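# Show me the folded form of this:
(one chain, ligands or ions: 1)
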Amino acid sequence: MASRKSGSLLLSGAKALSKQHGFAASAANTRSTQILPGFASPCSFSRYSYSSSAEGQKKILGVFFAAHEYAKNPEFLGCVENALGIREWLESKGHKYVVTSDKDGPNSELDKELADAHILITTPFHPAYITKERLAKAKNLELLVTAGVGSDHIDLRAAADKGLTVSEVTGSNVTSVAEDEVLRVLTLVRNFAPGWKQVNEGGWNVAAVVHHAYDLIDRTVGTVGGGRIGQEVMQRLKGFKLKEMLYFDRHSLSAEREKELGCKREEDLDTMLAKCDVVIVNTPLTDQTRGLFNKERIAKMKKGAYLVNNARGAIADTMAVKEACESGQLGGYGGDVWNEQPAGKDHPWRYMPNNAMTPHISGTTLDAQVTISPQFFHLNAFADCLRFFSSSVLGLLLHGWIFEFGFGF
Ligand SMILES: NC(=O)c1ccc[n+]([C@@H]2O[C@H](COP(=O)([O-])OP(=O)(O)OC[C@H]3O[C@@H](n4cnc5c(N)ncnc54)[C@H](O)[C@@H]3O)[C@@H](O)[C@H]2O)c1
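The predicted structure follows:
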């Protein structure tokens, strides 16, 4: 299928594109979030340069998974073979672009190439764990770009301590993730997976499916995190005529936005959980959210409620989720993110009852691969973004804050 977004949006100018999609820079400490409203013009100071008037060649290292035979599809940008679709552009600017899928172990290509790379591009789908030790060996590193949303695979504190900029393509694949969350909610509530498995295995047993199948209408759904994905999913669930659509977030949405989405904010997480038939997790993985869904918190949920987590696996405690699925405290658990990726063959979430688990796929559809790629931006606008970040954010990052930027080109 032709990509919905690639054609017209790639041809559009940066001004139009950046209204929806911008780069966000992250640093380690999550105690506060500062939203800096639109920077109309990039800062003139330039420490790094990527435009045609480049100050020098940069070495850019990309880490993506290998797609092998599937890479034949030219729309499949997010793999090592197609290198995010930015090779031609980077090389035309005189930069050296090296890509690898080999990221683990002491002698990985990543370790070898990182030693003199200036920019590192990674994705959450094939997470290259950028530790303090790795950063210490990366003598030339200036910028780490996450092609996607969620940079928890990077030691953000260590990056901030080194004065490095970490940026991500905020808002890029949020629609893809929200659509997938609706899919997972329905998969669990309708008990779809066992029926699908039955027919694939030649079976036919209606009772074995419907004894645990419900409708979503008149149920209460809550999202933990009412940011970009949280709002996209609430917008989509509105059509299901829910009893209540709730959200828990540090920030309130405006009254107009709440009305538009048909949602209500809960001040207290546990109070919300006790009301929900379905809970969806849509927060980043931070010190505050790691292990948030542990045994005690899951016990505060309605018995038999469903939990969907496409945010990050480590937000839920692995064994607590497994045991809750086995005991029936959870009606089911679904998601595409795991506390370790790839998940080990013996990971309990692969085999626990009533799971709707997959590999990390929700944010990397072919459509999403266009939006997470810097190619999505007008090329020179991307260059400006990089130059802008490398200059103006750096000092602020040292304070250990998280920044989100809406670019107003
Ligand atoms: N599975 C995938 O393919 C995929 C793709 C994209 C994003 N994600 C994950 O989804 C997360 C959310 O993405 P987004 O674009 O909606 O981000 P976002 O920044 O727009 O929204 C996150 C929301 O969580 C809230 N939040 C953060 N910490 C909180 C806390 N401790 N308590 C309450 N609220 C808190 C923030 O205030 C914000 O509103 C990402 O950080 C990433 O981990 C997964």
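# Can you tell me the closest non-neighbouring residue to the residue in the stretch 1-150 of the chain positioned nearest to the ligand?
With C-beta to the nearest ligand atom, the shortest gap between the stretch 1-150 of the chain and the ligand falls at residue 150, namely 3.1 Å. Any C-beta I mention is one placed from the backbone N, CA and C, and that applies to glycine too. In space, residue 150 comes closest to residue 124 once its chain neighbours are excluded; the distance is 4.9 Å by C-beta to C-beta, 6 or more residues apart in numbering.
# Next one: that neighbour, what pLDDT does it get?
For residue 124, the pLDDT comes out at 96.
# ok, now how distant is the residue nearest to residue 192 when sequence neighbours are not counted from the ligand?
Once flanking residues are discounted, residue 192 sits nearest to residue 186: 6.9 Å by C-beta to C-beta, 6+ apart. Computed with C-beta to the nearest ligand atom, to the nearest Å, the distance linking residue 186 and the ligand is 17 Å.
# quick one, what contacts the residue of the stretch 1-150 of the chain closest to the ligand?
Counting by C-beta atoms under 8 Å, 6 or more residues apart in numbering, residue 150 touches 124, 168, 284, 285, 311, 312.
# Contacting the ligand as well, which ones from those?
Checking those against the ligand by C-beta under 6 Å from any ligand atom, the ones in range are 284, 285, 311, 312.
# and the residue lying closest to the first one once chain neighbours are set aside, how far is that from residue 337?
The shortest distance from residue 284 to any residue other than its chain neighbours is 6.0 Å, reached at residue 150 (C-beta to C-beta, 6+ apart). According to C-beta to C-beta, to the nearest Å, residue 150 and residue 337 sit 9 Å apart.
# Pull up the overlap in contacts between those two.
By C-beta under 8 Å, 6+ apart, residue 150 and residue 337 have these common neighbours: 311, 312.
# where does the stretch 201-350 of the chain come near the ligand, residue by residue?
Near the ligand, when you scan the stretch 201-350 of the chain using C-beta under 6 Å from any ligand atom, you find 225-230, 249-251, 282-286, 288-289, 310-312, 336-337.
# Go through those residues and flag which are in helices.
228, 229, 230 (DSSP state H).
# mind listing what the second one touches?
With C-beta under 8 Å, 6+ apart as the criterion, the residues that contact residue 229 are 174, 177, 178, 181, 282, 310, 311.
# Mind jotting down where the strands sit in the stretch 1-150 of the chain?
For the stretch 1-150 of the chain, applying DSSP state E, counting those that start in this stretch gives strands covering 22-25, 33-39, 59-63, 96-100, 119-122, 143-146.
# Least confident of those strands, on average?
Across the strands of the stretch 1-150 of the chain, the lowest-scoring stretch is strand 33-39, with a mean of 22.
# ok, residue 133 to residue 316 distance?
28 Å.
# what does residue 155 give?
Residue 155 is 22 Å from residue 316, by C-beta to C-beta.
# Which one's more surrounded, the two?
Remark: of residue 155 and residue 316, residue 316 carries more neighbours, 29 against 20, as counted by other C-beta atoms under 10 Å.
# For that one, grab phi and psi.
The phi/psi pair for residue 316 (degrees, to the nearest 10) reads phi -110, psi 140.
# what sits against it?
Contact analysis of residue 316 by C-beta under 8 Å, 6+ apart lists 281, 291, 292, 293, 307, 309, 333, 335.
# switch the cut-off to 7 Å
The neighbours of residue 316, taking C-beta atoms under 7 Å, 6 or more residues apart in numbering as the test, are 293, 309.
# List the buried residues of stretch 313-331.
313-318, 320-325, 329-331 (16 or more other C-beta atoms under 10 Å).
# Closest to the ligand out of those?
Using C-beta to the nearest ligand atom, the buried residues of stretch 313-331 come closest to the ligand at residue 315, 8.4 Å.
# State the distance from that closest one to residue 284.
Distance of residue 315 to residue 284, given as C-beta to C-beta: 9 Å.
# same thing with residue 272?
Using C-beta to C-beta, residue 272 is found at 19 Å from residue 284.
# Please identify which of those two sits among more neighbours.
Remark: of residue 272 and residue 284, residue 272 carries more neighbours, 23 against 18, as counted by other C-beta under 10 Å.
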